[in-house]
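**Student:** Curious how this folds, go ahead:
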Amino acid sequence: MQKYFSSRLGLLLSVLGIAVGTGNIWRFPRIVAQNGGDIGAGAFLVVWVVFLFLWSIPLIVAEYALGQKGRMGVVGTFWRVGGRSMTWLGGFVALVSTAIMCYYAVVTGWCLYYAGAMLVRPLPHALTEAEQLWESFQAGLGPVLLQAVALGLAVGALWTGVRAIERVNRVLMPTLLGILLLALVRALTLEGSGEGLRYLFTPQWDQLGQPRLWLEALTQNAWDTGAGWGLILTYAAYMRREHGVVKNAFLTGMGNNTVSLLAAMTIFGTVFAVLGAELSRAQLLEVMRSSGPASTGLTFIWLPQLFARLPLGKVLAVLFFVGLSFAAFTSLIAMVELAVRVLMDWGMARPRALILVGSVGWLLGLPSALNVTVLSNQDFVWGVGLMLSGAFVALAVVRYGPARLRAEVMEGVAWDWRLGRGWDVLMRWLVPLEAVVLLGWWLYQAGVVYAPERWYDPLEPYSLMTCITQWGLALFALYALNGWMERRLSGVRSLAES
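**Tutor:** Predicted structure coming up:
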């Protein structure tokens with residue numbers, strides 16, 4: 001079986017498949033609109049780019065380096081690189097991404113449904129029609145069946161290991177980029193689209209004094225790059241040393257953010273062109289900011305209506321949702337692979353691990369498929385949990401020694417860039433500080449904004465206590481299992497080396 005990515009291009013396309021997901025196309029334009037001012041949203045973009053270099057790229061560098069150094073999955077790498085006492089923290093990173101996988105398969109199913117619906121059904125011309133399309137889908141077994149289809153396709157795509165990962169992403173990623181470029185060109189040809197782009201890129205500099213803007217920009221960068229999830233670390237276990245770390249990390253982060261901007265330009269241009277003559281700017285922005293149940297508002301409720309008003313809108317709608325499905329699927333297979341690699345490090349054969357992850361993922365994702373409120377809760381709990389994951393990745397680097405990791409993994413590759421001590425400082429001090437501030441911000445929001453009257457209720461979907469309870473149970477169980485995980489990894493490793 002192929003042990004490594006066959007080429008640097010295959011590696012890059014596969015890692016971009018991790019980074020480029022629904023967060024770029026589904027979430028990013030809405031978050032930009034929510035944080036834009038009366039004049040424009042350019043200030044948010046500036047801060048968003050700042051955090052690309054102060055949070056995402058340093059963590060992506062760390063994940064590439066840890067994966068190449070450990071040559072194991074997330075739990076095994078924390079055990080080997082961070083030390084045996086940190087095995088349970090690697091378990092938490094793996095658990096967060098796996099929990100996301102369970103409901104992300106449901107969202108992938110939504111994307112598949114809309115790609116098919118846009119092809120075979122008339123596009124909805126009014127809000128009531130768009131809502132009926134969504135509600136009729138949710139009322140049946142469609143979400144459950146398509147969740148199973150998404151996981152089944154992911155399991156099948158991963159059956160032969162890294163070779164399959166590379167082949168899938170060599171097809172899907174260029175196709176996705178081509179679809180986005182076609183959609184962008186079509187959007188830019190619409191009369192009035194220039195006003196949307198002008199709003200998107202015009203900075204309102206007084207917004208830089210708002211703490212919320214900085215925190216939201218950091219949140220978005222943390223979510224849509226995949227930094228700190230452990231997914232890049234998992235793929236990096238299959239990279240060759242000569243592929244290098246630093247250039248690949250910068251290309252991953254900047255490539256991801258480029259896709260986010262392409263998606264935002266397409267959606268802002270389309271919304272302003274179609275609704276600009278009917279609504280005031282305030283009303284138009286409210287359409288873009290409204291999230292709807294499980295953040296479905298703009299993407300699944302409004303965009304089909306907008307496409308219905310355009311010449312060749314049906315073609316554009318199909319292309320958009322096919323592209324969104326590809327983006328979701330490439331991220332989903334990385335989440336499945338992360339869980340599979342953890343089980344393989346514990347001695348399980350790949351076919352058995354794939355079947356187990358697919359089956360258990362479907363069962364644990366059933367509540368999210370059957371109830372959008374459950375999905376919203378899981379997205380809230382484990383999405384915020386990614387901040388802890390990022391902090392734990394930084395802690396593993398600090399435990400091993402940033403300078404030591406840099407010298408052993410990143411030095412000596414002739415064509416790669418050199419990182420100085422600035423990266424060491426970022427990983428030792430700034431990234432953990434950002435994680436603490438961001439986590440504190442979200443917990444504050446949960447206590448005083450999302451569920452101020454029921455913050456203590458663990459059954460309230462957006463309460464402070466629902467996060468603390470679910471994280472606490474996970475951390476307690478993993479800490480209790482630390483010795484077992486360490487012994488299992490040690491035993492399997494000894495057998496492999498004997």
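**Student:** Now residue 134. Nearest residue, chain neighbours left out?
**Tutor:** Closest residue to residue 134 apart from its sequence neighbours, by CB to CB, 6 or more residues apart in numbering: residue 300 at 5.8 Å. For every residue, glycine as well, the C-beta is placed using N, CA and C.
**Student:** Now do the SS call for that neighbour.
**Tutor:** helix (DSSP: H, G, I helix; E, B strand; the rest coil).
**Student:** so it touches residue 113, yeah?
**Tutor:** No. Contact between residue 300 and residue 113 fails when scored by CB atoms under 8 Å: they sit 9.4 Å apart.
**Student:** where in the chain is pLDDT low?
**Tutor:** 1-2, 291, 293-295, 495-498 (pLDDT under 70).
**Student:** now whatever helix or strand residue 389 lives in, how far from the chain's geometric center?
**Tutor:** Assessed by DSSP states H and E, residue 389 sits inside helix 372-400. Put simply, helix 372-400 sits 11 Å off its chain's centre (CA atoms, centre = their mean, to the nearest Å).
**Student:** Now for residue 398: which residues touch it?
**Tutor:** 427, 428, 432 (CB atoms under 8 Å, 6 or more residues apart in numbering).
**Student:** show me the contacts for the last one.
**Tutor:** With contacts defined as CB under 8 Å, 6+ apart, residue 432 is in contact with 391, 394, 395, 398.
**Student:** Show me which of those is closest to residue 125.
**Tutor:** The closest of these to residue 125 turns out to be residue 391 (CB to CB; 47.4 Å).
**Student:** That closest one and residue 427 touch, don't they?
**Tutor:** No. With contacts counted by CB under 8 Å, residue 391 stays clear of residue 427, the gap being 10.8 Å.
**Student:** Including distance to residue 494 and secondary structure, could the contacts of residue 398 go into a markdown table?
**Tutor:** Putting the contacts of residue 398 into a markdown table (distance: CB to CB, whole Å; DSSP: H, G, I helix; E, B strand; the rest coil) gives the following:
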| residue | distance to residue 494 | secondary structure |
| --- | --- | --- |
| 427 | 31 | helix |
| 428 | 33 | helix |
| 432 | 34 | helix |
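**Student:** May I have stretch 276-288 as CSV, with CA atoms only?
**Tutor:** Below are the C-alpha coordinates for stretch 276-288, written out as CSV (Å, rounded to 0.1, in the frame of the first residue of the first chain):
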residue,chain,number,x,y,z
GLY,A,276,-30.2,46.0,-4.9
ALA,A,277,-33.1,47.6,-6.9
GLU,A,278,-35.8,46.2,-4.5
LEU,A,279,-34.3,46.7,-1.0
SER,A,280,-32.4,49.3,0.9
ARG,A,281,-28.8,48.5,1.8
ALA,A,282,-29.8,47.9,5.4
GLN,A,283,-32.6,45.4,4.3
LEU,A,284,-30.2,43.8,1.8
LEU,A,285,-27.5,43.2,4.4
GLU,A,286,-30.1,41.8,6.8
VAL,A,287,-30.9,39.2,4.3
MET,A,288,-27.2,38.2,4.1
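**Student:** okay, now residue 126: neighbour count?
**Tutor:** Residue 126 has 10 neighbours, counted by other CB atoms under 10 Å.
**Student:** Which parts of the helix or strand hosting residue 355 count as buried, going by neighbours?
**Tutor:** For residue 355, the host element (DSSP H and E) is helix 350-370. Residues of helix 350-370 classed as buried by neighbour count (16 or more other CB atoms under 10 Å): 350, 353-354, 357-358, 361-362, 364-369.
**Student:** and if you look at stretch 207-223?
**Tutor:** Going by 16+ other CB under 10 Å, stretch 207-223 has these buried residues: 207, 213, 214, 215, 216, 217, 218, 219, 220, 221, 222, 223.
**Student:** Looking at these, which is nearest residue 125?
**Tutor:** Compare each of these with residue 125 using CB to CB and the shortest gap goes to residue 220, at 31.9 Å.
**Student:** which residues sit in contact with the closest one?
**Tutor:** 23, 27, 28, 31, 48.
**Student:** Show the buried residues in those residues.
**Tutor:** Buried among these by 16+ other CB under 10 Å: 23, 27, 28, 31, 48.
**Student:** In helices, which of those residues fall?
**Tutor:** 28, 31, 48 (DSSP state H).
**Student:** With distance to residue 52 added, can I get the contacts of residue 432 in TSV?
**Tutor:** Shown next, in TSV, are the contacts of residue 432 (distance: CB to CB, whole Å):
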residue	distance to residue 52
391	18
394	16
395	22
398	22
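**Student:** quick one: the helix or strand containing residue 431 to helix 372-400, angle?
**Tutor:** If you go by DSSP H and E, residue 431 is part of helix 431-445. Angle, helix 431-445 to helix 372-400, by axes from the mean of the first three to the mean of the last three CA atoms, to 10 degrees: 150 degrees.
**Student:** Now residue 428: closest residue in space that isn't a chain neighbour?
**Tutor:** Distances taken as CB to CB, 6+ apart place residue 398 nearest to residue 428, at 5.4 Å, with adjacent residues excluded.
**Student:** and what of residue 324?
**Tutor:** residue 111 (4.7 Å).
**Student:** That neighbour: neighbouring residues, count only.
**Tutor:** As a burial measure, residue 111 scores 26 neighbours (other CB under 10 Å).
**Student:** how much distance is there from the strand or helix carrying it to the middle of the chain?
**Tutor:** Under the criterion of DSSP H and E, residue 111 resides in helix 87-120. Put simply, helix 87-120 sits 9 Å off its chain's centre (CA atoms, centre = their mean).
**Student:** Helix 350-370 and that one, what's the angle between them?
**Tutor:** Going by the same axes, to 10 degrees, helix 87-120 makes 60 degrees with helix 350-370.
**Student:** And helix 87-120, what's buried?
**Tutor:** 87-115, 117-118.
**Student:** Please name every helix or strand in contact with the helix or strand containing residue 67.
**Tutor:** Residue 67 belongs to helix 57-70 when assigned by DSSP H and E. Applying 3 or more CB pairs under 8 Å, 6 or more residues apart in numbering; DSSP states H and E, we find helix 57-70 packed against helix 74-77, helix 231-236, helix 246-275, helix 372-400, helix 402-405.
**Student:** Export those helices to CSV and append columns for distance to residue 333.
**Tutor:** Below are the helices and strands packed on helix 57-70 laid out as CSV (distance: least, CB to CB, whole Å):
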stretch, distance to residue 333
helix 74-77, 16
helix 231-236, 10
helix 246-275, 17
helix 372-400, 18
helix 402-405, 28
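**Student:** Return the most buried member of these.
**Tutor:** helix 74-77 (a mean of 30; mean count of other CB atoms under 10 Å).
**Student:** Keeping just the C-alphas, turn that helix into CSV.
**Tutor:** Taking C-alpha atoms only, helix 74-77 is exported to CSV below (Å, rounded to 0.1, in the frame of the first residue of the first chain):
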residue,chain,number,x,y,z
VAL,A,74,-3.3,12.7,16.2
VAL,A,75,-3.3,10.6,19.4
GLY,A,76,-0.1,8.7,18.5
THR,A,77,1.6,12.0,17.6
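**Student:** give the contact list for residue 215.
**Tutor:** 437, 438, 441.
**Student:** What distance do you get for the last one to residue 388?
**Tutor:** Spatial separation of residue 441 from residue 388 under the definition CB to CB, to the nearest Å is 13 Å.
**Student:** what's the closest non-adjacent residue to residue 438?
**Tutor:** residue 387 (5.1 Å).
**Student:** ok, now residue 237?
**Tutor:** Nearest non-adjacent residue to residue 237, counting by CB to CB, 6+ apart: residue 67, 4.6 Å away.
**Student:** Quick check, that neighbour in contact with residue 235.
**Tutor:** Yes. Residue 67 is in contact with residue 235 according to CB under 8 Å; the separation is 6.9 Å.
**Student:** now the helix or strand where residue 491 lies and helix 87-120, what's the angle there?
**Tutor:** Counting by DSSP H and E, the element that carries residue 491 is helix 482-497. Helix 482-497 and helix 87-120 are oriented at 80 degrees to each other (the same axes, to 10 degrees).
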